[in-house]
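Student: The following block contains a protein sequence and its predicted model.
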Amino acid sequence: MKILVPVKRVIDYNVKPRVKADGSGVDLANVKMSMNPFDEIAVEEALRIKEAGNAEEVIAVSVGPAKAAETLRTALAMGADRAILIETDETVEPLAVAKLLAKVAAEENPGLILLGKQAIDDDSNQTGQMLAALLGWGQATFANTVTVEAGSITVARDVDGGLQTVKLNTPAIVTTDLRLNEPRYASLPNIMKAKKKPLDTKTPGDYGVDITPRLTTLKVAEPPVRSAGIKVADVDALVEKLKVLGVGA
Ligand code: AMP
């Protein structure tokens, strides 16, 4: 079985995003970019499945600018076998990404596509679901545990208040949640080795997919600044304040 892992280059999770002065979007100039954290978890899970002898090849795919090749090299350094960059400088919405991934899936015939549950830049949480619909495959989102058997995949999903376990026939779509695993760091020798692994570069046009956005961003705004707190003299004063606010009522 081949496993396809779509990885997105996003603003690093440690960076506090700044909104552009004209409110048209987030300022990405000179900002540290990294692999979407949920996608690191997806790469890790794919590698564990391969290491357990349940997959032969892990292929990382990214849709984005030329610099997304760095993100793919990170996936290769973690242990992926090869990578595909679908290069574009345009904004690509989840539906366009899903359509491109569906084309890659048609070429590669993976038994499993492991995505992140969401990209931390747009927080869409749509791509995996749309891809499952386009391909007509079963899907398990928010995976907490993934168990691969011949012809099927069992996934325990994080749901409100517990876990839901579902069984999917392969080929299938799984999206990762935070507790699935702890991704490995790439070692220096593996970073060097990754430079020699195959990385194919394509364009959306090569797949015949129209990536024109369907949404117009009207405005991006910073969250309101938190107003300063006050100090209370003692516990009684605190309880009085809480009563006024109706806390614990
Ligand atoms: P989203 O639906 O945008 O929240 O993204 C969910 C998941 O889809 C991500 O965690 C990635 O696995 C995948 N994905 C989204 N956008 C891209 C992209 N441009 N390139 C590769 N994978 C992507």
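Tutor: Looks like it came in fine.
Student: dump the residue contacts of N109.
Tutor: 2, 171 (Cβ atoms under 8 Å, 6 or more residues apart in numbering). Just so you know, the C-beta spots here come from the backbone N, C-alpha and C atoms, and that holds for glycine as well.
Student: try 7 Å
Tutor: By Cβ atoms under 7 Å, 6 or more residues apart in numbering, the residues touching N109 are K2.
Student: let's number from 492 now, not from 1
Tutor: Shifting the count to begin at 492 puts that one at N600.
Student: Ramachandran angles for it?
Tutor: phi 50, psi 50 (degrees, to the nearest 10).
Student: how far away is it from F529?
Tutor: As for N600, its distance to F529 is 24 Å (criterion: Cβ to Cβ, to the nearest Å).
Student: what's the burial count for E673?
Tutor: The number of residues packed near E673 is 9, by other Cβ atoms under 10 Å.
Student: and stretch 603-610, average pLDDT?
Tutor: Averaging pLDDT along stretch 603-610 gives 98.
Student: So what touches that stretch?
Tutor: Against stretch 603-610 from outside (Cβ under 7 Å, 6+ apart): 492, 494-497, 499, 501, 527, 529-530, 532-533, 536-537, 592, 596, 615-616, 618-619, 622, 632-633, 644, 661-668.
Student: Around the ligand, pick out the residues from the protein.
Tutor: 497-499, 527, 529-530, 533, 552-555, 583, 585, 588, 606-607, 609-610, 613, 615-619 (Cβ under 6 Å from any ligand atom).
Student: give me that answer again for 5 Å
Tutor: 497, 499, 527, 529-530, 553-554, 585, 588, 606-607, 609-610, 615-618 (Cβ under 5 Å from any ligand atom).
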